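Student: Okay, sequence plus prediction incoming.
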Amino acid sequence: MKIIFITLLFFAQTWVAVGQSLYRTTEGHIVMVAEINNERIIAESHKLFLFLDYNTKEISGKLELKTIDTGIGYLNEQISNADGEELIISFSGFIPVEDFISKPHAPISFNWPLKVTAGESTFQIVLSGNLKHFNGGEAIACMLSATGEVSTTEVGLKSMLPEISEILKIQFTQVILRKNEL
C-alpha cells in the first residue's frame, strides 16, 4: 500500500479580537507535500480559516479543497472540476493542555482528538500533538504541531484524485499568539 505524505504549514494574516479571546486566520497559507504515483507533489492554498478560542482552547478550521494549487495542470484540473459538498473540510477539537498560552513551559506532547467533517461525512481522528514554548518573544507564545493519518476517501481526495492512496499521513504547524496581547 502506498502512503502519501502531506506537510501542512500555516502562515496567515491574523487577528486577535480585542475584548474577546479569539485568535483567527482568514487567509491562512497551507503548504502540502504529497506523493501521487511515486511522484512528489507540492500543493498550497491561501484560503485556510483557523480559529482558536483562548478560554476554551478549542481550535476549529475550514479548508475548501478547490483552493489547493499543485502547480501541475492535470491535477489542478481534476481538483477544480470536482463537485460536491465534500470539497469543504472542517475540523474542531480542544487542546488538552491547561495553560500553554501565557506561561512558559517545556515542550508538551499530547493526543489531540479532532472531529472532521467533509460534506455529509463526519468522523474522528486523533493526532499526535506537540506544543513548544517560545521564550522572549513579545507576540508569539507557542508553536503547535501535529501528525497523524486520515483516509483520503473520508476527506474527499480519493474522489477527486483516484490515483491517491487510501491512507494520508498529515503534519501541520501553527504559530499561536500570546494571550496577554489581547
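Tutor: Right, received. Where do you want to start? The structure presented is a predicted model; accordingly, all values stated were derived computationally and were not measured.

Student: how about the strands in the protein?
Tutor: 4-9, 14-16, 22-36, 39-53, 58-64, 88-94, 108-118, 121-133, 140-151, 167-177 (DSSP state E).

Student: other SSEs contacting the fifth one?
Tutor: When contacts are defined as 3 or more C-beta pairs under 8 Å, 6 or more residues apart in numbering; DSSP states H and E, strand 58-64 packs onto strand 39-53, strand 88-94. The way it works is simple: take the backbone N, C-alpha and C, and place the C-beta from them, glycine included.

Student: Dump it to PDB, restricted to CA.
Tutor: Extracted C-alpha coordinates of strand 58-64, given in PDB (Å, rounded to 0.1, in the frame of the first residue of the first chain):
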ATOM      1  CA  GLU A  58     -10.900  25.000  21.100                       C
ATOM      2  CA  ILE A  59      -9.400  25.100  17.600                       C
ATOM      3  CA  SER A  60     -11.700  24.900  14.600                       C
ATOM      4  CA  GLY A  61     -10.900  25.400  11.000                       C
ATOM      5  CA  LYS A  62     -12.100  25.000   7.400                       C
ATOM      6  CA  LEU A  63     -10.400  24.500   4.000                       C
ATOM      7  CA  GLU A  64     -12.100  24.300   0.600                       C
END
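
Student: and it with strand 22-36, angle?
Tutor: 50 degrees (axes from the mean of the first three to the mean of the last three C-alpha atoms, to 10 degrees).

Student: and strand 58-64, which strands flank it?
Tutor: Here strand 58-64 is paired, per DSSP bridges, with strand 39-53 (antiparallel), strand 88-94 (antiparallel).

Student: Name the residues of the helix ranked longest in the chain that are buried.
Tutor: In the chain, taking DSSP state H as the definition, the longest helix is helix 73-80. Using 16 or more other C-beta atoms under 10 Å as the test for burial, helix 73-80 gives Leu75, Gln78, Ile79.
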